[in-house]
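Visitor: For reference, the sequence and a predicted model appear below.
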Amino acid sequence: TPGLVFTVLRVPDGNNQEQTIFVKDMTTRKEIRDGFRVFTNPEIHVNDHPPISDEGANSPVQTYTESRMQIVGDEHRANSGAWSTDGANTYEVTALVPESLEQNGISGKLYAIALAASNTPTDSPLTIHCSSKTLTKILLRGIKTPEDLGWINTPNSKSIRLAVATLRSRTGRVDIRSTGEPSSIAKATELAAQTAQTLQNTPAMDVTNKYTQQGAKLTHMTQALLYRGILEQKNKPARRWTSINLDRIRFAIREITGTPPTDEDIWKSIKHKDFSKKVRAFLWKATHNAYKVGEYWQNKGDKAHWGECMKCGLVESLEHILTECENTPAGTIWKLAEELWNRKTKGRISWPKPDFGTQLGCGLATFKSDRNETLRGTSRFYHIIMSESTHLIWKIRCEWKIGRDENEDDVVPPEAVEARWWNALNKRLKMECLQTNKNRYGKKALNSQMVVNTWTGILQDEENLEDDWFMKPNGVLVGRGGKRPPGRNR
């Protein structure tokens, strides 16, 4: 149950004004009302007076931190590395970020800072070099507000709190600087990139509750924040199918890019601006297995047969619908998509197999040239063709399943499927051309060169189009290749 507690307030002395100095003070207000907080644990006592002595008995320590994402078993984990020196001694530490913390690049860097702060002499002045300017700004100037709000709705809040608490627990002064030169953190990078062998040796740091304020200031609460805070207090039940689908996306994208995405990357990709709103909603529901297909009907009594595919005799899962079923247009559409992809890339980039994980995670796919340069136009075209094709298969299936009562004699013929697929792409092409109009869309207008790079190589009669064809989209179509028209017009 969220509690209410009154905390002793501490006023900063104003001595630490340099931009790079980490301020250890835990409160910044004089008013008594700011001492009342909600969402607290009465069993935990907060140390309201962290050590702030700037005089160290040892030599100043320079620390370089970095993180890398790694696969450990079937999990995607962040690995942190910190390399420190005081001129005479060096301190090296590398460890996997504990499972209780967030698993991404930022949390890895935060954990590396916590490792450095706890594995060097605590009374020495410490200068931390971090490769992330954003993270440096958060630690130097962005702690007060989220701490006042009880870290409600704050990304990477657990990792930030741990890093802040560890820094506050030191007696020596702490400086944090953004280091842009990769060479200056090369040794820390090497530590972070080591094969993860420290799963059992992750250092335990239990300082969060001692040196970070509990709960949120009551004076800063709104109804929305209180509601969000109550939700965050509850344990979220694990969603089995969501976890399964996230792993399938992760391994499918690793086959394309060589790097497995984090859960955060996957959810962010579903909101990709290359997708239409309907596609975003479809991908989100599909990842959560929210559609009433397949196993959903198995325990529905006399409706259990609704979860079986009449044609194939298999469970009609979403994966079956999008990739396998003979009663859906999947085979026709994926053949068309592969042919158009080969025309776009001139056969230089193999067509990734459109399995279920690839379809759901297509927004994460990127392709590179022989010179290791990202092909932004090609990657964007892949996002479009995969998402539009996947969604069209689903729409046609629903039309047949619901609108035509699964009539096997009324299945959409391949010719009609092909016509609808070309129409969907041409509709998307025309919409993108219209959205390049800066007078109409202002800052939201699409970059015209990006649109050109996306569609170049597959347009009909492309060699005769004007350079600014995107300004006159009427008559500009996606070409259907080398097929000759039937009849007397051949």
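Guide: Thanks, I have the structure now. Numbers count the residues shown, from 1 in each chain.
Visitor: Average pLDDT for the helix or strand where residue 110 lies, rounded please.
Guide: Following DSSP states H and E, one finds residue 110 within helix 105-118. Regarding helix 105-118, the rounded mean pLDDT is 92.
Visitor: and the end-to-end length of stretch 93-111?
Guide: End-to-end span of stretch 93-111 (Cα to Cα, to the nearest Å): 11 Å.
Visitor: Any buried residues in it, and which?
Guide: The neighbour-count check on stretch 93-111 (16 or more other Cβ atoms under 10 Å) flags 93-98, 101-111 as buried. Using the backbone N, CA and C atoms, a C-beta is placed for each residue, glycine as well.
Visitor: Neighbours of residue 241, how many?
Guide: 14 (other Cβ atoms under 10 Å).
Visitor: Just give the nearest non-adjacent residue to it, would you?
Guide: Once flanking residues are discounted, residue 241 sits nearest to residue 289: 3.6 Å by Cβ to Cβ, 6 or more residues apart in numbering.
Visitor: Could you say which helix or strand holds that neighbour?
Guide: Per DSSP H and E, there is no helix or strand for residue 289.
Visitor: Not counting its own residues, what contacts the helix or strand where residue 135 lies?
Guide: For residue 135, the host element (DSSP H and E) is helix 133-141. Residues outside helix 133-141 that contact it (Cβ atoms under 8 Å, 6 or more residues apart in numbering) are 19-23, 106, 109-110, 113, 130, 160, 163-164, 167, 176-178, 180.
Visitor: cutoff 10 Å now
Guide: 18-23, 65, 105-106, 109-110, 113, 128-130, 132, 142, 146, 154, 156, 160, 163-164, 167, 174-180 (Cβ atoms under 10 Å, 6 or more residues apart in numbering).
Visitor: Tell me which of these fall in strands.
Guide: Using DSSP state E, the members of these that fall in strands are 65, 128, 129, 130, 174, 175, 176, 177, 178.
Visitor: Sort out which of those residues are buried, if you could.
Guide: The buried subset of the ones in strands among the contacts of helix 133-141 - by 16+ other Cβ under 10 Å - is 65, 128, 129, 130, 174, 175, 176.
Visitor: what sits against the first one?
Guide: Taking Cβ under 10 Å, 6+ apart as the criterion, residue 65 is in contact with 80-84, 93, 108-117, 128-132, 135, 163, 176, 179, 185, 188-189, 191-192.
Visitor: do the last one as well
Guide: Taking Cβ under 10 Å, 6+ apart as the definition of contact, the neighbours of residue 176 are 19-22, 63, 65, 113, 126-130, 135-140, 163, 167.
Visitor: With the fourth one instead?
Guide: With contacts taken as Cβ under 10 Å, 6+ apart, residue 130 has the following neighbours: 63-66, 109-110, 112-113, 116, 136, 139, 176-179, 185, 188.
Visitor: Quickly note the distance from it to residue 177.
Guide: Separation of residue 130 from residue 177 (Cβ to Cβ, to the nearest Å): 7 Å.
Visitor: Count the neighbours of residue 365 for me.
Guide: Neighbour count for residue 365, taken as other Cβ under 10 Å: 19.
Visitor: how close does it get to residue 114?
Guide: Distance from residue 365 to residue 114, by Cβ to Cβ: 34 Å.
Visitor: Same check on residue 235?
Guide: Taking Cβ to Cβ, one finds residue 235 at 25 Å from residue 114.
Visitor: circling back: what's the angle between the helix holding residue 110 and strand 174-178?
Guide: 150 degrees (axes from the mean of the first three to the mean of the last three Cα atoms, to 10 degrees).
Visitor: just the angle between helix 105-118 and helix 133-141, please?
Guide: 50 degrees.
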